[in-house]
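Asker: Give me a model of this one.
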Amino acid sequence: MGNRQLIRGIIFDFDGTLIDSYEAITESLNHVRSAFALPGYAVEQVRPMVGHGLEKLIAEAIGPERVDEGVRLFRQSYAQLCERKTSILPQVKQTLDALDGRGYQMAIASNKPSYFARDILKALEMEHLFVEVLGPNDVERPKPDPEMLETIIMRIGLSPEETVYVGDMPLDVEVGRRAGVAVYAVPTGSASRDDLLQARPDRLLHRFGDLLAILPALTGAR
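Answerer: This is a model prediction of the structure:
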């Protein structure tokens, strides 16, 4: 699996793979915790909690019985600050521009709601690079279920063999495996290199820009 000569489409995770949104998430999560008279978290405490969906994040932060109210408070706060408190990770913009120029179709499959992802992409002037942006609000089952990836692959008209998934967590390796696509892991998010090695991705990148050494220009690309 994962013959790079076949790959024509690249699906990316979002948080920790393309963007650093941990400061914004931490601030909004602390807004929720303060509403329940709980002390705030440091960014490094929040980093490993991210990536499994908002409901799980809130349940871990304030308890499962308070999830509905916590999600509402989080969304209110995050909508106000996510655009200005989120940054592009190193090498991402240049690499995506180059891959776009090489003719790859690119998409995002994230457990962040897609309306937040689209707002952030617009603010970072990257939304034109992606043909699809899906979140848990667009499907019945979030990652690690493969539904998001399968939907994107179908919409862009490629096969799993022509697609690679790029993420920063063992969960991303799992979802790629379940969708039947090659998986490249990058240690720029919440998981360590050792964690990612144990998950056995097809490739473990040193840095995001390594994609340019792996994925050549497609025949007939502009």
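
Asker: got a pLDDT number for G220?
Answerer: Listed pLDDT for G220 reads 61.

Asker: And Q5, by the same measure?
Answerer: At Q5, the model reports a pLDDT of 72.

Asker: and what of D202?
Answerer: Here, the pLDDT recorded for D202 equals 97.

Asker: cool, and G53?
Answerer: Looking at G53, its pLDDT stands at 89.

Asker: Need the nearest residue in space to it, chain neighbours excluded.
Answerer: Closest residue to G53 apart from its sequence neighbours, by Cβ to Cβ, 6 or more residues apart in numbering: N111 at 4.4 Å. All C-beta spots, glycine's among them, are computed from the backbone N, C-alpha and C.

Asker: cool, and E55?
Answerer: V67 (5.6 Å).

Asker: Which strand or helix spans the one you found?
Answerer: Using DSSP states H and E, V67 sits in helix 67-81.

Asker: tell me what that helix is packed against?
Answerer: Secondary-structure packing of helix 67-81 (3 or more Cβ pairs under 8 Å, 6 or more residues apart in numbering; DSSP states H and E): helix 22-35, helix 54-62, helix 114-123.

Asker: May I have that helix as CSV, with CA atoms only?
Answerer: Only the C-alpha atoms of helix 67-81 are listed here, as CSV (Å, rounded to 0.1, in the frame of the first residue of the first chain):
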residue,chain,number,x,y,z
VAL,A,67,-21.0,18.5,27.9
ASP,A,68,-23.9,20.3,26.2
GLU,A,69,-23.4,23.5,28.2
GLY,A,70,-19.6,23.2,27.9
VAL,A,71,-19.8,22.8,24.1
ARG,A,72,-22.0,25.9,23.8
LEU,A,73,-19.7,28.0,25.9
PHE,A,74,-16.6,26.7,24.1
ARG,A,75,-18.1,27.5,20.6
GLN,A,76,-19.0,31.0,21.7
SER,A,77,-15.5,31.7,22.9
TYR,A,78,-13.7,29.9,20.1
ALA,A,79,-15.6,31.7,17.3
GLN,A,80,-14.4,35.0,18.7
LEU,A,81,-10.7,34.2,18.9
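
Asker: Return the distance of stretch 203-215 from the chain's centre.
Answerer: 16 Å (Cα atoms, centre = their mean, to the nearest Å).

Asker: domain assignment for this structure?
Answerer: Following automatic domain parsing, one finds the domains of the chain at 9-20+86-214, 22-81.

Asker: winner for burial among these?
Answerer: domain 9-20+86-214 (a mean of 20; mean count of other Cβ atoms under 10 Å).

Asker: so how far does it reach from one end to the other?
Answerer: For domain 9-20+86-214, the first-to-last residue distance is 13 Å (Cα to Cα, to the nearest Å).
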